[in-house]
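Student: No sequence on hand, only this structure:
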């Protein structure tokens, strides 16, 4: 229970450091979610971030204004809002993600091959236990 918060703090700091100026961690989490689940609804993203729909709507509006997210009404279900990343949103998410991976790699470079294998095995086990299933859409 002490390792997860420490790793989370480290990752959050890296993400903040590499994000666009004035792009909040919550906004980056929206971009990450949409990268994994294209054409998600506003409600799905709100549930993922554990915020209210009005809060998510305001956050998405700022991302739309910045050209990072597209927002359209579902042609089948008019009350449903579909969100997708723009090309700029995808590029920004990939840039932040890649830069954060480099930060993690730099932190791990002092480990031996045996230690790296242990870390990899442990993370694979944790991932298989806790990973949320990908929604098919």
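Tutor: Noted; the coordinates are in hand. No experiment lies behind these values; they were computed from the predicted model shown.

Student: What residues sit buried inside the longest helix seen in the chain?
Tutor: In the chain, taking DSSP state H as the definition, the longest helix is helix 87-108. Using 16 or more other Cβ atoms under 10 Å as the burial criterion, the residues of helix 87-108 that qualify are 89-90, 92-93, 96-97, 100, 103. To be clear about C-beta, it is placed using only N, CA and C from the backbone, and glycine gets the same treatment.

Student: ok, now stretch 39-54?
Tutor: 40-42, 44-46, 48-49, 51.

Student: What is the nearest of the residues you listed to residue 113?
Tutor: residue 48 (35.9 Å; Cβ to Cβ).

Student: In contact with the residue nearest the centre of the chain: list those residues for me.
Tutor: Centroid-nearest residue in the chain, with Cα atoms, centre = their mean: residue 32, separated by 2.6 Å. Taking Cβ atoms under 8 Å, 6 or more residues apart in numbering, we find residue 32 in contact with 93, 97.

Student: Kindly report the same for residue 12.
Tutor: Contacts of residue 12 (Cβ under 8 Å, 6+ apart): residue 25.

Student: cool, and residue 51?
Tutor: 26, 59.

Student: show me where this structure has helices.
Tutor: 3-18, 25-36, 42-49, 53-65, 87-108, 113-130.

Student: Make TSV out of the ones you listed and add distance to residue 71 and mean pLDDT.
Tutor: Output for the helices of the chain, formatted as TSV (distance: least, Cβ to Cβ, whole Å; pLDDT from 0 to 100):
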stretch	distance to residue 71	mean pLDDT
helix 3-18	23	78
helix 25-36	11	88
helix 42-49	8	93
helix 53-65	5	93
helix 87-108	11	88
helix 113-130	30	92
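
Student: Thank you, goodbye.
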